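>>> the following block contains a protein sequence and its predicted model.
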Amino acid sequence: MTNMESVRKQFPILNQEVNGHPLVYLDSSATSQKPSSVIDAVSDYYKQYNSNVHRGVHTLGTYATEGYEGAREKVKDFINASSIKEVIFTRGTTTAINTVASSYGRDHLQSGDEIVLTKMEHHSNIIPWQQIAKATGAELKYIPLQEDGTILIEDVEKLVTERTKIVAMTHVSNVLGTINPIKEVAKIAHKQNAVIVVDGAQSVPHMRVDVQDLDADFYAFSAHKMCGPTGIGVLYGKKSLLEKMEPVEFGGEMIDFVNLHDSTWKELPWKFEGGTPIIAGAIGLGKAIDFLNEVGMDNVEAHESELVSYAMEQMNTIDGMTIYGPKKRAGLVTFNLDDVHPHDGATALDSLGIAVRAGHHCAQPLMRELQVAATARASFYLYNNKQDVDLLVDGLKKTKEYFGDVF
Ligand code: 7TS
């Protein structure tokens, strides 16, 4: 078993005081911190072999191309894609989902067709579908949520019909921590000849994901939430689907032959990567995957599961605490404390060096479903420990006392 305290030591940013207190970073669902190996890999690229990729014969360009394409191989193995052709580098989850909506969606939807979503989606997995629905005349349908923030498979079976062309669903909710039964939903979608697009922004960083086992048609995630740099993410797609899809960005890098009035595209995955790519980002993502593999994704998941159970147990001892979402969940806790506005609570915690997020978490329809304007959220990752939870609980108690006196 990996020693998680030695893992924590590899994140230089955590070793500092904020507002006179040791930093307690509990906002990894927004973005994770980066280990030294990732920071060094990005810096080494710029210091030692900064060059463009896929062009020219000079030595530095070869190193850069090897670094960039080597990262693609690592992503392929990490999610068990069957080929590097299925791994497209994007700017992040948002861009990946937009690519599917703009390309696959535009070509496969028409009036009378339906796109099925859940009511727990992040805006990134709602708005691209709203836009493509407006453009094509398709309609959106939403799978309802149970009281505990889960979905019922019977509801999926009812809502996914022969009219459904696309099911778009998050694997893990960034607000509720709900883990959706993607494999079962994929089976239901495929029975109706629909495709399933999975938002993996909150799953790939925290659990072992096997896209072939899930039978996902498309799967999107961001490097910055999994110890990698910002500005890079991945769109996985089944080769058979991607091959028939049109690129959404046109220009350098993605072409084969260009004539005055027409052009042809490179083969997969490059036809979807127009322009100079995010080279340092990809190299950093490759290093982040090495790092996560060394720790072991099963260890990451077990560690977070232990922390989140402990956090819920401790937080529930605070009077006036409401925690949203199911008991069996990923490593985050979204909550409200009576009498304390989440923004005030988060500001009070920040004065104690504790970083949590407050707001709608880019899930306004879900906030409406929960009948709240905003919530606070503590999210955990492999570098957090029980002391972080204790400091959070202590901070919440102090916050409650403080605001209790004010009101
Ligand atoms: N989908 C989910 C489920 C997410 O949690 C996020 C980001 C995204 C998509 C978008 O990812 P991006 O990398 O393209 O921006 N979620 C959050 C969050 O919960 N707090 O800040 C960002």
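Yep, that arrived. These figures come from a predicted structure and were not determined experimentally.
>>> what's the burial count for residue 256?
11 (other Cβ atoms under 10 Å). In short, each C-beta sits where N, CA and C put it, glycine included.
>>> with residue 113 instead?
18.
>>> residue 47 too?
9.
>>> also residue 55?
Summarising burial for residue 55: neighbours were counted as other Cβ under 10 Å, giving 13.
>>> my guess is it meets residue 62, correct?
No - counting by Cβ atoms under 8 Å, residue 55 sits too far from residue 62 to count as a contact (10.6 Å).
>>> which ones are touching residue 402?
Residue 402 makes contact with residue 348 under the criterion Cβ atoms under 8 Å, 6 or more residues apart in numbering.
>>> shouldn't it be within a helix?
Yes - Residue 402 forms part of a helix when assessed by DSSP: H, G, I helix; E, B strand; the rest coil.
>>> quick check: it vs the ligand, distance?
With distances taken as Cβ to the nearest ligand atom, to the nearest Å, residue 402 is found 26 Å from the ligand.
>>> partners of residue 218 in the sheet?
residue 197, residue 237 (DSSP bridges).
>>> which ones are touching it?
Each residue near residue 218 by Cβ under 8 Å, 6+ apart is listed here: 96, 100, 104, 195, 196, 197, 198, 235, 236, 237, 238, 241.
>>> do the same with residue 84
The contact partners of residue 84, by Cβ under 8 Å, 6+ apart, come to 69, 72, 73, 76, 269.
>>> what is the nearest of the residues you listed to residue 208?
Distance to residue 208, by Cβ to Cβ, is smallest for residue 76 among the contacts of residue 84, at 14.8 Å.
>>> so that closest one is in which element?
According to DSSP states H and E, residue 76 maps onto helix 59-79.
>>> same check on residue 323?
With elements delineated by DSSP H and E, residue 323 resides in strand 321-324, which encompasses its position.
>>> quick check: next helix or strand after that strand?
Taking DSSP H and E, what comes next after strand 321-324 is strand 332-337.
>>> just the buried residues of the helix holding residue 76, please?
By neighbour count with 16 or more other Cβ atoms under 10 Å, helix 59-79 contains the buried residues 61, 63-65, 67-68, 71-72, 74-76, 78-79.
>>> one step back: so what's the gap between the strand holding residue 323 and the chain middle?
The chain centroid and the centroid of strand 321-324 are separated by 23 Å, computed with Cα atoms, centre = their mean, to the nearest Å.
>>> go on, stretch 378-389?
For stretch 378-389, the distance between its averaged C-alpha position and the chain's averaged C-alpha position is 18 Å (Cα atoms, centre = their mean).
>>> span of that stretch from start to end?
9 Å (Cα to Cα, to the nearest Å).
>>> what's next to that stretch, contact-wise?
With Cβ under 8 Å, 6+ apart, stretch 378-389 has contacts from 4-5, 7-8, 11, 14, 24-30, 32-33, 205-206, 295, 299-300, 303-304, 307-308, 310-311, 314, 331-333, 335, 356-357, 392.
>>> buried ones in that stretch, by neighbour count?
Taking 16+ other Cβ under 10 Å as the basis for neighbour counts, the residues of stretch 378-389 that come out buried are 378, 379, 380, 381, 382, 383, 384, 385, 388, 389.
>>> for stretch 393-404, same thing?
Buried residues in stretch 393-404, counting neighbours by 16+ other Cβ under 10 Å, are found at 393, 395, 396, 399, 400, 403.
>>> circling back to that earlier point, need the contacts of residue 84 in JSON lines (columns: distance to the ligand and pLDDT).
Output for these, formatted as JSON lines (distance: Cβ to the nearest ligand atom, whole Å; pLDDT from 0 to 100):
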{"residue": "69", "distance to the ligand": "23", "pLDDT": "98"}
{"residue": "72", "distance to the ligand": "19", "pLDDT": "98"}
{"residue": "73", "distance to the ligand": "22", "pLDDT": "98"}
{"residue": "76", "distance to the ligand": "20", "pLDDT": "98"}
{"residue": "269", "distance to the ligand": "19", "pLDDT": "98"}
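>>> taking these, tell me the two that lie furthest apart.
73 and 269 (11.8 Å).
>>> any idea how far residue 257 lies from the ligand?
Noted for residue 257: a distance of 33 Å to the ligand, by Cβ to the nearest ligand atom.
>>> quick thing: my sequence starts at 56, can you match it?
With the count now opening at 56, the last piece we talked about shows up as residue 312.
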